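K.L.:
what would the 3D arrangement of this be:
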Amino acid sequence: MTTTLFLYAILYAAALVFLVACAVRAIGYARLPLHLRWELYPVPHEKRERARYGGSYFESPEWWKEPIAFNHLGEWKSMFAEILFLKGLWEFKRKMWYRSYLFHLGLYLLIGAAGILFAAAFASLILPGLASSGFVLVLHYAYTAAGLLGAALTLVGAAALLIERLTEEDLKPYTTAGDIFNLSFFIVTVGILTAGYFLRPDTSPGALALAQGVLTFDTSLKAPPMFEVGLVLGALLAAYIPMTHMSHFIAKYFTYHTVRWDDAPNRRGAKLEQKLAEYLTYRPTWSAPHVGADGSKSWAEIAMTNPAQGGKK
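P.N.:
Reported below is the predicted structural model:
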């Protein structure tokens, strides 16, 4: 009972830490100052006929008099390709994509398996008659297949990425001890969890029973030691992810929506104008001497100075 209660406490605490840490990350990114606009086209939320060739609403002679159309479908299609298929990595570093995609696809399957498992557990608790129905049986095969395939792909992908980072010369300058630790953490966690699943005794509770136990705090259940260790490691890994650069799944949203795709106009009296007016009063300190940002000049003064001549433009 004591170890089972400890396991439940770890799982709930890790889930809470994960959610809070993700929220803190997202709020932190949202509160950052405005970016320097990239002016990269096409912007997927542009009208479809313009997005095809990289056009923009700025092409209209009097665009400021027209309502700005927002193509949500185009944006969702672009996000889908990047999230599900890592489109950017495929285009710019194909060799790494094969390893990384195995890893990410494995994680997606594991997340999906966990979602299906807890959906089945919740449904069978709310409607007990479903526990012996064909519906729950279908879900059982779904989360089992997704979980086992996800575990295999995650292990292979993480090991391939680890080997690549340790052996590829072009990646060594960008590989830190944290990168090695993170991939090793995934390999150890998924390896122990998978081994614990396969080596568990026939009399031990199955995945559905454990999920129901987590939802109801049923302390009468007893998972095998190796499987418990795997679950604890998995919980700790989930809590750890948003505190590292592996939280790029949050950063990527802001990179695309508020940096790459931000083409909002600067209208008089709007919030954007107010923010820019505030930023122009900042006194930046940059180490590059040609910029002249030594903390004594405001952004407005720096912007009106020709760095090559040291005087007004």
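K.L.:
middle-most residue in the chain, spatially?
P.N.:
Phe249 (1.6 Å; C-alpha atoms, centre = their mean).
K.L.:
let's see the pLDDT reported for that residue.
P.N.:
Here the pLDDT value assigned to Phe249 is 90.
K.L.:
name the element it belongs to?
P.N.:
Per DSSP states H and E, Phe249 falls inside helix 248-255.
K.L.:
what does that helix contact?
P.N.:
22, 25-26, 29-30, 32, 82, 242 (C-beta atoms under 8 Å, 6 or more residues apart in numbering). In this view, the C-beta of every residue, glycine as well, is placed from N, C-alpha and C.
K.L.:
now swap in stretch 52-62 and tell me
P.N.:
The contact list for stretch 52-62 (C-beta under 8 Å, 6+ apart) reads 41-43, 46-47, 49-50, 63, 66, 68-69, 263.
K.L.:
mind running it again at 10 Å?
P.N.:
39-43, 46-47, 49-50, 63-64, 66-69, 263, 265 (C-beta atoms under 10 Å, 6 or more residues apart in numbering).
K.L.:
which ones among the residues you listed lie within helices?
P.N.:
49-50 (DSSP state H).
K.L.:
which among the contacts of stretch 52-62 count as buried?
P.N.:
Neighbour counting by 16 or more other C-beta atoms under 10 Å classes 41-43, 46, 50, 263 among the contacts of stretch 52-62 as buried.
K.L.:
present those as a markdown table; the columns should include distance to Leu166 and pLDDT.
P.N.:
Shown next, in a markdown table, are the buried ones among the contacts of stretch 52-62 (distance: C-beta to C-beta, whole Å; pLDDT from 0 to 100):
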| residue | distance to Leu166 | pLDDT |
| --- | --- | --- |
| Tyr41 | 39 | 83 |
| Pro42 | 38 | 83 |
| Val43 | 39 | 89 |
| Glu46 | 42 | 90 |
| Arg50 | 45 | 88 |
| Asp263 | 41 | 87 |
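K.L.:
what about Val138, how many residues close to it?
P.N.:
Each residue near Val138 was counted by other C-beta atoms under 10 Å, and the total is 12.
K.L.:
avg pLDDT for the one helix or strand it maps to?
P.N.:
Using DSSP H and E, the element containing Val138 is helix 134-167. Average pLDDT, helix 134-167: 94.
K.L.:
centre of the chain versus it, how much separation?
P.N.:
With C-alpha atoms, centre = their mean, to the nearest Å as the basis, helix 134-167 stands 18 Å off its chain's centre.
K.L.:
list the helices and strands that helix packs on?
P.N.:
Helices and strands touching helix 134-167, by 3 or more C-beta pairs under 10 Å, 6 or more residues apart in numbering; DSSP states H and E, are helix 94-126, helix 177-199, helix 207-216.
K.L.:
what about Gly129, how many neighbours?
P.N.:
Neighbours of Gly129 under the rule other C-beta under 10 Å: 9.
K.L.:
give the contact list for it.
P.N.:
Counting by C-beta under 10 Å, 6+ apart, Gly129 touches 135-136.
K.L.:
quick one: contacts of stretch 153-163?
P.N.:
96, 98-110, 171, 175, 179-180, 182-191, 194.
K.L.:
span of stretch 27-47 from start to end?
P.N.:
30 Å (C-alpha to C-alpha, to the nearest Å).
K.L.:
which of the residues in stretch 146-162 are classified as buried?
P.N.:
146-148, 150-151, 153-155, 157-162.
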